[in-house]
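1. got a sequence here, can you build the structure:
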Amino acid sequence: MGTQDFNKSSIYSEETKESLENGGASKTFDDDGRLKRTGTLVTASAHIITAVIGSGVLSLAWAIAQLGWIAGPAVLAAFSFITYFTSTLLADSYRSPGPLHGTRNYTYMDVVRSHLGGYKVQLCGIAQYGNLVGVTIGYTITASISMVAVKRSNCFHIHGHEDKCSISNIPFMIIFAAIQIILSQIPNFHKLSWLSIVAAVMSFAYSSVGLGLSIAKVAGGAHARTSLTGTTVGVDVSGSDKVWRSFQSIGDIAFAYAYSTVLIEIQDTLKSNPSESKVMKKASLVGVSTTTVFYVLCGCVGYAAFGNDAPGNFLTGFGFYEPFWLIDFANICIAVHLVGAYQVFAQPIFGFVEKRCTEKWPESRFVTAEHSINLPLIDKPAFTINFFRLSWRTAYVILTSLIAMIFPFFNGFLGLIGAASFYPLTVYFPIEMHIAQAKIRKYSFTWTWLKILSWACLVVSLIAAAGSIQGLAYDVKKCKPFKT
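-> Okay, the predicted model is just below:
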């Protein structure tokens, strides 16, 4: 096992130094001295689809049931448009001061620092990394629910649909955590493209299964009770529950479109020719339009199949029992997808902490040294291990898993994460940075409508957060930690 220091001076070759002095890039390195980026439209689209088509799709039938045939699809369409529009603004902010030839920014916080500065950088950090932590917790919950659903599906098939088939989530959260501890040793986002492609395929697979089963149920003559306004007061829910659930469903839909937190990190994997912003805008269009089609189909067809009684998670809430092997396949796909999606959202957290620690303790070999691991019959080192990376990432996975075990709530947790992150990260910062970058004059027409959009989204986020908090409070009262 060999050791090499992890510092910038050892990374650059003479060729790199010369090319950087001339303001260009070499064949091996980009214009910022980092190894040549290799990301393409395909890999960026895969990253986005992996991040977007996640566990959010599973709650859309329930969300449409709360809002009804009019408001449900309208809210889906509105979030789709806003997400795509603001993602194009954020893509232009990757370089500063200009979107084509400015200095690169590697993280969302770097982008905010370059364009806005001041206290907004700290606010962005709290919003972004708080959201990323929440998403990794939410994915731990969802993956374990899907793994439990496989066992329950087999139990129902053997013992009948009336059997309780009660199975604890805890062992499956431990299994998921063990897998994440291993995958978390992938050094950075640039090494994740293969995992994202696998996860994107899995997301299409389980979404298609859920859609197919819903279509089959409708075609089979199921007459679920639906309405233009969703669940009926006095029949399905009380008046107050109708309001709170409608608010929470907006948060669930916001969560279903969340990927702004990792957009800059995805863009930083792209080749510089053609320009990163142009490719990222195309990738966003591919990602958001593809997921919107799936969302409308899964949400609306799921509502048609289940009506106002749609379960919170239509593949694990056992709206379907048969064919049990297909339900098992779909839930396995969910678990595999979330294994990859967890890493897409966790890598920015890992990178942020490790960068700060390297800057603070540059002389510490525990923090900076990379140890080469040699395997028999292989001449080159198979991989490298950094002891700080190993210990800190393992601790992070264990901590998020413990929180998931204490608060294993699906819909409420997703809604709160979506509400908390949608306004600051998807709307506010992209709009403010665009205004600053494009030097849009205050009180001009463009400035005014951008501000109106921003304020309207703030109101929607506050409403969604209120509904999700109420739902979580209700769940906490019934919860017995480490028992469900």
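2. ok so residue 384 is a strand residue?
-> Yes. Counting by DSSP: H, G, I helix; E, B strand; the rest coil, residue 384 is part of a strand.
3. got the contact list for it?
-> Going by Cβ atoms under 8 Å, 6 or more residues apart in numbering, residue 384 touches 4, 187, 370, 371, 372, 373. The C-beta positions use only the backbone N, C-alpha and C, and glycine is treated the same way.
4. again, only using 7 Å
-> When contacts are counted by Cβ atoms under 7 Å, 6 or more residues apart in numbering, residue 384 touches 370, 371, 372, 373.
5. CSV for the residues you listed, including pLDDT, secondary structure and distance to residue 385?
-> Formatted as CSV, the contacts of residue 384 follow (pLDDT from 0 to 100; DSSP: H, G, I helix; E, B strand; the rest coil; distance: Cβ to Cβ, whole Å):
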residue, pLDDT, secondary structure, distance to residue 385
370, 81, strand, 7
371, 79, strand, 5
372, 76, strand, 8
373, 73, strand, 6
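6. looking at those residues, which is nearest residue 216?
-> Proximity of these to residue 216 was ranked by Cβ to Cβ; the top entry is residue 373 with 49.7 Å.
7. now the closest one: how far from residue 176?
-> Counting by Cβ to Cβ, to the nearest Å, the gap from residue 373 to residue 176 is 25 Å.
8. kindly report the same for residue 214.
-> Between residue 214 and residue 176 the computed distance is 27 Å (Cβ to Cβ).
9. now do residue 374
-> In this view, residue 374 and residue 176 are 30 Å apart by Cβ to Cβ.
10. of those two, who's got more company?
-> Counted by other Cβ atoms under 10 Å, residue 374 and residue 176 do not tie: residue 176 has more neighbours, with 26 against 12.
11. nearest spatial neighbour of that one, chain-adjacent residues omitted?
-> Spatial nearest neighbour of residue 176, chain neighbours left out: residue 143 (4.8 Å); criterion: Cβ to Cβ, 6 or more residues apart in numbering.
12. repeat for residue 203
-> In this structure, residue 203 finds its nearest non-sequential neighbour in residue 53, 4.0 Å apart by Cβ to Cβ, 6+ apart.
13. tell me the contacts of the one you found?
-> 203, 207, 291, 294.
14. out of those residues, list just those in helices.
-> With DSSP state H as the criterion, helices contain 203, 207, 291, 294 from among these.
15. re the thing from before, would the residue nearest to residue 176 count as being in a helix?
-> Yes. Under three-state DSSP, residue 143 sits within a helix.
16. can you give me the neighbour number for residue 92?
-> Residues contacting residue 92 under the criterion other Cβ under 10 Å number 23.
17. could you look up the SS state of the spatially closest residue to it that is not a sequence neighbour?
-> Once flanking residues are discounted, residue 92 sits nearest to residue 99: 4.0 Å by Cβ to Cβ, 6+ apart. Three-state call for residue 99 (three-state DSSP): coil.
18. and residue 99, what pLDDT?
-> Here, the pLDDT recorded for residue 99 equals 76.
19. what about it, neighbour count?
-> Count around residue 99 with other Cβ under 10 Å applied: 20.
20. what does residue 114 give?
-> 21.
21. for it, which non-adjacent residue is spatially closest?
-> Residue 114's closest residue in space is residue 96 (Cβ to Cβ, 6+ apart), at 3.9 Å.
22. I figured that neighbour hits residue 113, correct?
-> No. Contact status for residue 96 versus residue 113: not in contact, 9.2 Å apart, counting by Cβ atoms under 7 Å.
23. which elements pack onto the helix or strand harbouring residue 246?
-> Using DSSP states H and E, residue 246 sits in helix 239-256. For helix 239-256, the elements it packs on are helix 60-92, helix 411-421, helix 445-478, judged by 3 or more Cβ pairs under 7 Å, 6 or more residues apart in numbering; DSSP states H and E.
24. pick the most buried one from those helices.
-> Comparing the helices and strands packed on helix 239-256 by mean neighbour count (mean count of other Cβ atoms under 10 Å), helix 411-421 ranks first with a mean of 26.
25. hey, C-alpha coordinates of the next helix or strand after that helix in PDB?
-> Next helix or strand after helix 411-421 toward the C-terminus (DSSP H and E): helix 429-438. The C-alpha coordinates for helix 429-438 follow below in PDB (Å, rounded to 0.1, in the frame of the first residue of the first chain):
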ATOM      1  CA  PHE A 429     -31.300  32.400  -6.000                       C
ATOM      2  CA  PRO A 430     -31.500  31.700  -9.700                       C
ATOM      3  CA  ILE A 431     -33.700  34.700 -10.300                       C
ATOM      4  CA  GLU A 432     -31.500  37.000  -8.100                       C
ATOM      5  CA  MET A 433     -28.300  35.900  -9.800                       C
ATOM      6  CA  HIS A 434     -29.800  36.300 -13.300                       C
ATOM      7  CA  ILE A 435     -30.900  39.900 -12.400                       C
ATOM      8  CA  ALA A 436     -27.300  40.600 -11.200                       C
ATOM      9  CA  GLN A 437     -25.600  38.900 -14.100                       C
ATOM     10  CA  ALA A 438     -27.700  40.400 -16.800                       C
END
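26. buried sites along helix 429-438?
-> Residues of helix 429-438 classed as buried by neighbour count (16 or more other Cβ atoms under 10 Å): 429, 430, 431, 432, 433, 434, 435, 436, 437.
27. ok, now stretch 169-179?
-> For stretch 169-179, the neighbour count (16+ other Cβ under 10 Å) marks 169, 170, 172, 173, 176, 177 as buried.
28. hmm, residue 408 and the first one touching each other?
-> Spelled out, that is residue 169. Yes. Counting by Cβ under 7 Å, residue 169 touches residue 408, with 5.6 Å between them.
29. using the three-state scheme, assign the most centrally placed residue in the chain.
-> A centroid search over the chain (Cα atoms, centre = their mean) returns residue 51, at 4.0 Å, as the residue closest to the centre. Under three-state DSSP, the three-state class of residue 51 is helix.
30. measure it to residue 395 for me?
-> For residue 51, the distance to residue 395 equals 24 Å [Cβ to Cβ].
31. now swap in residue 232 and tell me
-> Residue 232 is 48 Å from residue 395, by Cβ to Cβ.
32. noted, bye for now.
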